[in-house]
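Undergrad: Got a sequence here, can you build the structure:
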Amino acid sequence: MIEADGTAASLTEIVSGINESSRLVEEIAASSEQQSDGITRIDSGVNQVAEVVQQNSATAEESAAVSEEMNSQAHVLEDLVSKFKLKQNEMYYELPARVS
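TA: Model prediction:
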C-alpha cells in the first residue's frame, strides 16, 4: 500500500499543478484580451488624430489660398482707388501711388 499511497500523492500533486497551470493560462488569456482592447482603443484614437490632422491641413491650405486671393484683390482695389482724385479746397489731389 505504500506504493499506492505514493502514487496517489504524486497524482494529487500533478492534478494540483495542472489546476494551477490552467488558472495561470486563464489569467494570461484575460490579460491578453485586456491588452487587445487597449490596443484597439489606442488605434482608434490615433486614427481620429490622423483624421483631424488631415482636416486641419486641408483647412490651412484653403485658408492660404483664400488669403492669397484676398491679397491680390486688395492690390487691385488699391490700384483702382489710387486713380480717384479728391476735391479739397477747390484743388484736386491725386491719391499717392500704392506703396509695396
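Undergrad: what's the burial count for residue 78?
TA: Under the neighbour criterion other C-beta atoms under 10 Å, residue 78 is assigned a count of 13. In this view, the C-beta of every residue, glycine as well, is placed from N, C-alpha and C.
Undergrad: tell me the mean pLDDT for stretch 38-55?
TA: For stretch 38-55, the mean per-residue pLDDT is 97.
Undergrad: One more: stretch 83-100?
TA: Per-residue scores along stretch 83-100 average to 62.
Undergrad: Which of the helices or strands spans the spatially most central residue of the chain?
TA: For the chain, the residue nearest the mean C-alpha position is residue 49 (1.2 Å; C-alpha atoms, centre = their mean). Counting by DSSP states H and E, the element that carries residue 49 is helix 2-81.
Undergrad: how close does residue 11 sit to residue 37?
TA: 39 Å (C-beta to C-beta, to the nearest Å).
Undergrad: Ok, residue 53 next?
TA: From residue 53 to residue 37 the distance is 25 Å (C-beta to C-beta).
Undergrad: ok, now residue 8?
TA: 44 Å.
Undergrad: repeat for residue 56
TA: 29 Å.
Undergrad: for residue 5, same thing?
TA: Residue 5 is 48 Å from residue 37, by C-beta to C-beta.
Undergrad: Please apply the same query to residue 66.
TA: 43 Å.
Undergrad: same thing with residue 27?
TA: Taking C-beta to C-beta, one finds residue 27 at 16 Å from residue 37.
Undergrad: what does residue 23 give?
TA: Residue 23 is 22 Å from residue 37, by C-beta to C-beta.
Undergrad: Next, give phi and psi for residue 82.
TA: phi -70, psi -20 (degrees, to the nearest 10).
Undergrad: Next, count neighbours for it.
TA: For residue 82, using other C-beta under 10 Å, the count is 12.
Undergrad: and what of the one 3 residues further on?
TA: Under the neighbour criterion other C-beta under 10 Å, residue 85 is assigned a count of 10.
Undergrad: what pairs with it across the strands?
TA: On DSSP bridges, the residues paired with residue 85 through beta bridges are residue 94.
Undergrad: Got the confidence number for residue 4?
TA: 74.
Undergrad: correction: residue 80
TA: Residue 80 is given a pLDDT of 87.
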